[in-house]
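>>> Just the structure for this:
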Amino acid sequence: MQTKTIRCAIYTRKSTEEGLEQDYNSLHAQRDACAAYILSQAGEGWSLLPEIYDDGGYSGGTMERPALKRLMADIEAKKIDVVVVYKVDRLTRSLADFSKIVEVLDRTGSSFVSITQAFNTTNSMGRLTLNVLLSFAQFEREVTGERIRDKITASKKKGLWMGGTPLLGYDPEGQRRPRHHPRPRPRPLCGSSTRRRPAPNP
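Numbers count the residues shown, from 1 in each chain. This next block holds a predicted model:
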């Protein structure tokens, strides 16, 4: 009996662009690990699709990612049977977005696999475990955002420049607001004498 071919797509993501210029970066490492896992399941009919879905420099807290949009479109078109990721948070860090992705997977009869975490989206226990994990991922993202905002607020209170267009009265090189700003002396117009002329006799 011939084994049914299961079409697998690998999705990779990195939150920042740091290190993407390297010959072998995080996206390559994720893809190689996922490809090796798919190869190990070749006996079950798993086959890697040639399309590449890489999102370098995109946050997992939003669905506005070029490669993710292409991936979801191909799932809707029923071109993919299984989405393979290195970790669940590579796919999304938002519970709301995760529910949207699972809805599309259910509607098209597809599923997804995290190679470093034993999850199965075909049963209720697997989805519960994923929801708990994503709750912590979303919590971590929100706490990190709050910590960054608090640091920026504290730095501004100390007069530190936090990037962007320097405001009036800020010294970008010194990273601090100077205390005194001497006013420029007025220049004489057209080289005329600054002496006051005597008033004409009445």
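>>> CA only for contacts and neighbour counts going forward, please
Noted.
>>> The protein: helices as residue ranges?
26-40, 66-76, 88-91, 95-108, 124-157 (DSSP state H).
>>> which of those sits most buried?
helix 88-91 (a mean of 20; mean count of other CA atoms under 10 Å).
>>> picking up where we left off before, JSON lines for the helices of the chain, including distance to Asp54 and mean pLDDT?
Putting those into JSON lines (distance: least, CA to CA, whole Å; pLDDT from 0 to 100) gives the following:
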{"stretch": "helix 26-40", "distance to Asp54": "7", "mean pLDDT": "94"}
{"stretch": "helix 66-76", "distance to Asp54": "6", "mean pLDDT": "95"}
{"stretch": "helix 88-91", "distance to Asp54": "10", "mean pLDDT": "86"}
{"stretch": "helix 95-108", "distance to Asp54": "17", "mean pLDDT": "84"}
{"stretch": "helix 124-157", "distance to Asp54": "20", "mean pLDDT": "72"}
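>>> mind giving me JSON lines with those and columns for distance to Asp55?
Conversion of the helices of the chain to JSON lines gives the following (distance: least, CA to CA, whole Å):
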{"stretch": "helix 26-40", "distance to Asp55": "8"}
{"stretch": "helix 66-76", "distance to Asp55": "6"}
{"stretch": "helix 88-91", "distance to Asp55": "9"}
{"stretch": "helix 95-108", "distance to Asp55": "16"}
{"stretch": "helix 124-157", "distance to Asp55": "18"}
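>>> Tell me which of the ones you listed lies nearest to Thr3.
Closest to Thr3 of these, according to CA to CA: helix 26-40, at 14.8 Å.
>>> neighbouring contacts of that closest one?
For helix 26-40, the surrounding residues in contact (CA atoms under 8 Å, 6 or more residues apart in numbering) are 8, 10-14, 19-20, 46-48, 54, 56, 84-86, 115.
>>> Separate out the buried members of those.
8, 10-14, 46-48, 54, 56, 84-86, 115 (16 or more other CA atoms under 10 Å).
>>> Tell me the one among those nearest to Ile75.
For those, the nearest to Ile75 is Cys8 (10.7 Å; CA to CA).
>>> and the closest one, bridged to which residues?
Cys8 has the following beta-bridge partners by DSSP bridges: Leu48, Val82.
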